[in-house]
Structures are given as C-alpha cells and as structure tokens.
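> Sequence and predicted model, in that order:
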Amino acid sequence: MLELEKIKAAHETIKDFVYKTPFSLSTRLSKAMDAKIYLKEENLQITGAYKVRGAFNKIANLSPEQKKKGVVAASAGNHAQGVAISATHFGVRSTIIMPEAAPLLKVAGTKALGAEVILKGNNFDEAYAFALEYAKEHDMCFVHPFEDELVQAGQGTIALEVLAKVENPDYIVVPIGGGGLISGVASCVKQLSPNTKIIGVQSSGAPAMSKSFAAKKQINSSSVRTIADGIAVRDASKITLKTILEVVDEIVEVSDDEIANAILYLLESQKIVVEGAGAVGVAALFERKFCFEPGSSIVIVLSGGNIDVQMLNVIIEKGLIKSSRKMIINVTLIDKPGALQGLTSVLTGTGANIVKIDYDRFSTKLSYGDAMIKITLETKGKEHQENVSSALRAAGYEFYEEF
C-alpha cells in the first residue's frame, strides 16, 4: 500500500491551494438507511472534483526542467481540469487529450483553466494511448491520472480530512474508475483505522476493476457504456489493482438507472449536484449492494459534480416519469373542432396539469380523419395517474401511456 508519510507530505503540499471540502452527517439519508451516513463533498472542490488533489501534488513535485518542458494528460474531464489549474498555477504549459465524447462542460472548463485541449478517441483508454505518444513526441512530462504514487497520495488526503472528523468509521464508500482515488484513500485508512471497511463502487457499464478484483488478476472490458463518464475506464490497471487487492474489502457494481436515481435523490432531497461518478456510492447504499449493520457509520465520497446540463435534464425528466410525477399519454381523436377541448376538459377534471401538447394528423399509422395527441401531464403519484387513466376510459378515449 501507499506509505502514510507520502500522503501526509501531499497534504502539506496541497493544503494552501486545494479546498478542504465539506464533510457532514446527512440526517435524511441516515434516517432512511438506519445508519449514520456522512458525505464528503468533493463535488464542491476547486475544480468540481477531487482530481485536483493528485494533479497539484504531482506537478508541485516536478523538477524545474520537467516544468519547463510542460505536461500532458489524458482525461475524460476531471483530471484534465485538475492538471490544467495546477499547471497554470506553476506557470507550466499543459496539453490535455480528452475523448471526443467528453462533456462540453468539462472541455470548456479545461480550456478556461489554461490548457490546450485535443479531442481524440472514443473513450479514456484511446485518449490515453494517444496522449502517451504525444508526450513522447513532444518531450513533455505525462501526468497519469492514477498510475502514479504522487497522484495517489494527493487523492489520499481526502481520507486524512475524513478521519479528522470521524475517527473510526465502519465503512468508507469510494468510486472506482482507474483506481487512483481508492488506492490513496484506502492506503491511508488501513494505516490509521484498520478496522474500517473500504467499499469500492463501479458502474456495471465499466466493470473492469470489479471483475479483476473478483478474479485477482487483470480483466479488461471490450467496451464501456455508462452515464458515469468520470469512471468510464475500459482497462483495469495492474498497478492500482495490486494496491486494491491489498487494501480494499469489497467492490460492487451499480447500473445506470441506479446511478440516475441517486443523482436525482441528491439533487432533490440533499440539494447537492453530483455527476454520475460522484453518485455511485449513494446508489450502492440505496440498493444495499453491501451489507451493514443498523447504526453503522458510513462515509460516502461524492467524488465530483461536473455533470453535463443536458444529461442532468434527461435524468430529471426520466426520474419524474419513473416516480409517477410526470405522465405522457397518446390519445387518438377524431380531427374536428372542439375534439381537443373535450379531451383537455376531462384531464382538467382529474386535477392533472397539462405542460405540453403535440398534435399529429399526418402519421401514416392514423386513419383518415384522425389525429394523435401526445400530452405531457404533471401528476401527484401513481394513484393520481390511475385516476387519470380511469377518467379517460370512462369518457371513451383510446390511449396508451409512454414510459
């Protein structure tokens, strides 16, 4: 495992630049889960994610000659911004290789922090391969997002801040992409609080480290697909896997639906905005992916908050539908004056609020003289939606519901 002294040294290096992010007991989550649930809000970090800790520590420790040559990094977004702001702080030129599908928010944020951005590859691993070639060709220092002890030590400073607040938590739940965060955090925790269990969480759409942990050998994925772009790593790192096998107790997986539910819960109930990677710990908690006793103290690392606004909108809309607070119905009407008014009168009588109407009379699926009306309604739960359906049937309307 990573030496504790290296993590403490990293803390001294970064403490005047990196935020000591909020750490608090969530009363709502604690009540819901019958445990003491603490949130470490790295989504409120200086760049919106924990990655700046490791990036700053690495660049701070470069030699004057290395700083003069400049740095290169590969990242889906959060490491990119960490490297960019840290390099700019030290007056170092930075070039970041990002996947072509990287969220616009993260691309723009990286450029705004002073880096040159090159979009290359379909995922992190393809961007990473190009970045290595680029660094070699231009004789620049490559700042690895997780296979670097200085980077891992920087990430491990999160654990120092957590243990200063809760001396011996029962569990610490940490997202896993490449494994740098959990390597640093778990190494620190196992040396200061050895009885604390470390739970790693991966997206089921990018499960390389989870599969490797179970098999105790490197197992790579053929592809990745997940809304948690910050942990969308295709290949398991042999370097971090070695550490993880030593210091991590369990790794679990969560689906995109479970991640989306956690994002929406944190936004609505906790007033906290997190990205997919930042929500996986809460998703694992909600879905009881790991076992814990009532009253256990559980720390969840919210690793980042740089979620694309369009993705957040999709998650909110789908979440409202799944929770029966939004209803989309398609109704076939005879296309004549007053037909739509009759339909809306029935809906008004149920107390449902109409927020959108689409009117289609040209579909080849319709009989001549008919029209298809798609209506989006705000509703008050499952029972209310059943009342809406009953009222439409009683009024003689043919319809189907979209989910």
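Everything's here; your move. Everything quoted here is computed from the prediction, not taken from an experiment.
> Could you chop the protein up by domain?
Under the assignment automatic domain parsing, the domains of the chain span 4-49+148-318, 52-142, 324-402.
> Save the ones you listed as a markdown table, and put in mean pLDDT and mean neighbour count too.
Where you see a C-beta, it was placed from the backbone N, CA and C, and this is true even at glycine. Shown next, in a markdown table, are those (pLDDT from 0 to 100; neighbours: other Cβ atoms under 10 Å):
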| stretch | mean pLDDT | mean neighbour count |
| --- | --- | --- |
| domain 4-49+148-318 | 97 | 21 |
| domain 52-142 | 94 | 21 |
| domain 324-402 | 93 | 14 |
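> and Lys289, which of the three is it?
What DSSP: H, G, I helix; E, B strand; the rest coil gives for Lys289 is coil.
> check contacts around it.
Listed by Cβ atoms under 8 Å, 6 or more residues apart in numbering, the contact set of Lys289 reads 201, 252-254, 283.
> Now flag whichever of those is closest to Leu340.
Ala283 (41.6 Å; Cβ to Cβ).
> thought Phe124 was touching Ala74?
Yes. At 6.6 Å, Phe124 counts as touching Ala74 under the criterion of Cβ atoms under 8 Å.
> what helix or strand does Ala73 sit in?
Here Ala73, judged by DSSP states H and E, is contained in strand 71-74.
> Which strands border that strand, and is each parallel or antiparallel?
Applying DSSP bridges, strand 71-74 is found paired with strand 94-98 (parallel), strand 141-142 (parallel).
> where's the last one relative to the chain centroid, distance-wise?
Distance of strand 141-142 from the chain centroid (Cα atoms, centre = their mean, to the nearest Å) equals 27 Å.
> One more: stretch 31-39?
That offset, for stretch 31-39, works out to 20 Å (Cα atoms, centre = their mean).
> got the contact list for that stretch?
Residues from elsewhere that reach stretch 31-39 (Cβ under 8 Å, 6+ apart): 22-26, 29-30, 162, 165-166, 169, 270, 272, 285-286, 292, 294-300, 302.
> Restricted to helices, list these.
29-30, 162, 285-286 (DSSP state H).
> Just the strands from the stretch 1-150 of the chain, written as ranges.
Assigned by DSSP state E, counting those that start in this stretch, the stretch 1-150 of the chain shows strands spanning 23-25, 36-41, 71-74, 94-98, 116-119, 141-142.
> and what of the stretch 151-300 of the chain?
Ranges of strands in the stretch 151-300 of the chain, per DSSP E, counting those that start in this stretch, are 171-175, 197-203, 250-254, 297-302.
> Dump the ones you listed into TSV; add distance to Glu42 as well.
Formatted as TSV, the strands of the stretch 151-300 of the chain follow (distance: least, Cβ to Cβ, whole Å):
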stretch	distance to Glu42
strand 171-175	10
strand 197-203	14
strand 250-254	18
strand 297-302	6
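> got a markdown table for the strands of the stretch 1-150 of the chain, with distance to Ala9 too?
Rendered in a markdown table, the data for the strands of the stretch 1-150 of the chain read as follows (distance: least, Cβ to Cβ, whole Å):
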| stretch | distance to Ala9 |
| --- | --- |
| strand 23-25 | 22 |
| strand 36-41 | 21 |
| strand 71-74 | 20 |
| strand 94-98 | 23 |
| strand 116-119 | 30 |
| strand 141-142 | 20 |
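> Which one, of these, ends up nearest to Ala186?
Closest approach to Ala186 among the strands of the stretch 1-150 of the chain is made by strand 36-41 (14.1 Å; Cβ to Cβ).
> mind listing what Ser345 touches?
Applying Cβ under 8 Å, 6+ apart to Ser345 gives no contacts.
> same thing but at 10 Å, please
Counting by Cβ atoms under 10 Å, 6 or more residues apart in numbering, Ser345 makes contact with 338, 395.
> Can I get the helix or strand harbouring it in CSV, CA atoms only?
Assigned by DSSP H and E, Ser345 belongs to helix 339-350. C-alpha atoms of helix 339-350 as CSV (Å, rounded to 0.1, in the frame of the first residue of the first chain):
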residue,chain,number,x,y,z
ALA,A,339,-62.2,17.5,-30.0
LEU,A,340,-59.1,18.7,-28.2
GLN,A,341,-61.1,20.9,-25.9
GLY,A,342,-63.2,17.9,-24.9
LEU,A,343,-60.1,15.9,-24.1
THR,A,344,-58.5,18.7,-22.1
SER,A,345,-61.7,19.1,-20.1
VAL,A,346,-61.5,15.5,-19.0
LEU,A,347,-57.9,15.9,-17.9
THR,A,348,-58.7,19.2,-16.1
GLY,A,349,-61.3,17.4,-14.1
THR,A,350,-58.7,15.0,-12.8
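> What's the first helix or strand after that helix?
Next along from helix 339-350, by DSSP H and E: strand 353-360.
> what angle separates that following strand from helix 339-350?
160 degrees (axes from the mean of the first three to the mean of the last three Cα atoms, to 10 degrees).
> Mind giving me the packing neighbours of strand 353-360?
Secondary-structure packing of strand 353-360 (3 or more Cβ pairs under 10 Å, 6 or more residues apart in numbering; DSSP states H and E): strand 326-334, helix 339-350, strand 370-378.
> try 8 Å
If you count contacts as 3 or more Cβ pairs under 8 Å, 6 or more residues apart in numbering; DSSP states H and E, strand 353-360 packs onto helix 339-350, strand 370-378.
> Which of these sits closest to Ile7?
Closest of the helices and strands packed on strand 353-360 to Ile7 is strand 370-378, at 49.6 Å (criterion: Cβ to Cβ).
> to the chain's geometric centre, what's the distance from that closest one?
34 Å.
> Quick check: what element follows it along the chain?
Downstream of strand 370-378 (by DSSP H and E), the next one is helix 382-394.
> residues making contact with that next one?
324, 327, 329, 331, 346-347, 349-352, 377, 379, 399, 401.
> Which one, of the strands of the stretch 1-150 of the chain, ends up nearest to Tyr359?
Closest to Tyr359 of the strands of the stretch 1-150 of the chain, according to Cβ to Cβ: strand 116-119, at 40.4 Å.
> neighbouring contacts of the closest one?
80, 93-100, 102, 107, 110-111, 130, 134.
> Of the residues you listed, which is the nearest to Val233?
Nearest to Val233 among these: Pro99, at 11.1 Å, using Cβ to Cβ.
> contacting residues around the closest one?
Neighbouring residues of Pro99 by Cβ under 8 Å, 6+ apart: 76, 119-124, 126-127.
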